[in-house]
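> Here is my input, please return the structure:
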Amino acid sequence: MTKKQFFAIVDTETTVDGTVADFACIIVDRQGNIHKQCAVLVKDHFDTKSLFYIPNTKGDWSQEYADKKRIQYNAMLDSGQRMLASNQAINRWLDKAVSQFNPTLTAYNLAFDADKCQNTNIDLSQFSNRFCLWNAASSLICNTKKFRQFCIEKHAFNAPTKHGNMSYKTNAEIVCGFLRGEYITEPHTALEDARDFELPILLNIIRHKRWQDKIMTYNWRNVQVRDNFKAV
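This is a model prediction of the structure:
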C-alpha cells in the first residue's frame, strides 16, 4: 500500500524589520484536503512592529495600506479569526505536524518565507523535503503559450526596469488566476493566501508527470517580454 503524501504550505506577512507578523501553515494531501492548519499573528512582532510598507509609494505596500491591514488584523483578533502566538508555540505546532504527517515543505518564494521565519526564530529546519512553489510554477505553468496569452488578456506585466528590462508576471495571483480562468487579488493575509491561492497551484503542479525533475530555479531572464511575445 502506497504511503499517503502530505505537503505543508507556509505563507508569511512581514514587518518593516523583516520578521514575521502573520504566519500560516496548512497541511494538505494530494487531493487538496486540509488535515491541519495554523494561522496566527506572531507575538512580539505583530504587536510591537510596523507592518511592512515601502515609503513614498501608493497602493499595495504603501504605509496607508499597512495601516488598513492592521485594522483588518485587529478585527480578526477581536472576532477570534486569529490569535497571538509566540514563536515557541508555532515551533511546537510545527514539530507535531512534522511528526504526524512528515510533509514536504513548500511556499511561493520559499527562500523569502524561510528567511523571514529565521529572523523570527520560527524553525523550519525539521522539514526533510522541500521545494519552492514559485520555481515549480515558473517551470511547469508560466512557460506555456496559454499562460502568456492570459498575461496579455489581464495586462500582467511588470514595469520596465531602469535598464529597460520588462517581464511578465509569475506571482501567485496571476498563476492562480490563470488556473481558475479569472484574476482575483490576494488579500495578503497568510492563511487565505496559502489556502486560496497557493494550494490550487500546488495541486496543479503535482499532477504533472515527474514534476520534481522539471523544477528549475526562477530566472527573470526567462520571462522577458521581448523574448516571449511578438508584436502583431
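> quick one: contacts of the lengthiest helix in the chain?
Looking across the chain with DSSP state H, the single longest helix is helix 63-79. For helix 63-79, contacts defined as CB atoms under 8 Å, 6 or more residues apart in numbering pick out 13, 21-22, 41, 46, 50-53, 55, 58-59, 82-84, 188-189. C-beta coordinates here come from the backbone N, C-alpha and C atoms, glycine included.
> Now list the buried members of the residues you listed.
Among the contacts of helix 63-79, those scoring as buried are E13, A21, D22, L41, F46, L51, F52, Y53, R82, H188, T189 (criterion: 16 or more other CB atoms under 10 Å).
> helix/strand/coil for the fourth one?
The three-state label for L41, taken from DSSP: H, G, I helix; E, B strand; the rest coil, comes out as strand.
> Likewise for the fifth one?
When states are read from three-state DSSP, the local structure at F46 comes out as coil.
> Verify the stated contact: it with D22.
Yes - with contact defined as CB atoms under 8 Å, F46 counts as touching D22 (6.7 Å).
> what ranges of the protein fall below the confidence cut-off?
The chain contains residues with pLDDT under 70 at 1-2, 231-232.
> from memory C142 sits against A172, does it?
No - between C142 and A172 there is no contact under CB under 8 Å: 11.3 Å.
> thinking again about what came up before, now secondary structure and distance to K69 too, for the buried ones among the contacts of helix 63-79, in a markdown table please.
Formatted as a markdown table, those follow (DSSP: H, G, I helix; E, B strand; the rest coil; distance: CB to CB, whole Å):
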| residue | secondary structure | distance to K69 |
| --- | --- | --- |
| E13 | strand | 8 |
| A21 | strand | 9 |
| D22 | strand | 9 |
| L41 | strand | 11 |
| F46 | coil | 11 |
| L51 | strand | 6 |
| F52 | coil | 9 |
| Y53 | coil | 9 |
| R82 | coil | 12 |
| H188 | coil | 7 |
| T189 | coil | 8 |
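> Looking at the residues you listed, which two lie furthest apart in space?
Using CB to CB, the two most remote members of the buried ones among the contacts of helix 63-79 are Y53 and R82, lying 20.0 Å apart.
> Which residue lies nearest the spatial centre of the protein?
Centroid-nearest residue in the chain: Y108, 3.6 Å away (criterion: CA atoms, centre = their mean).
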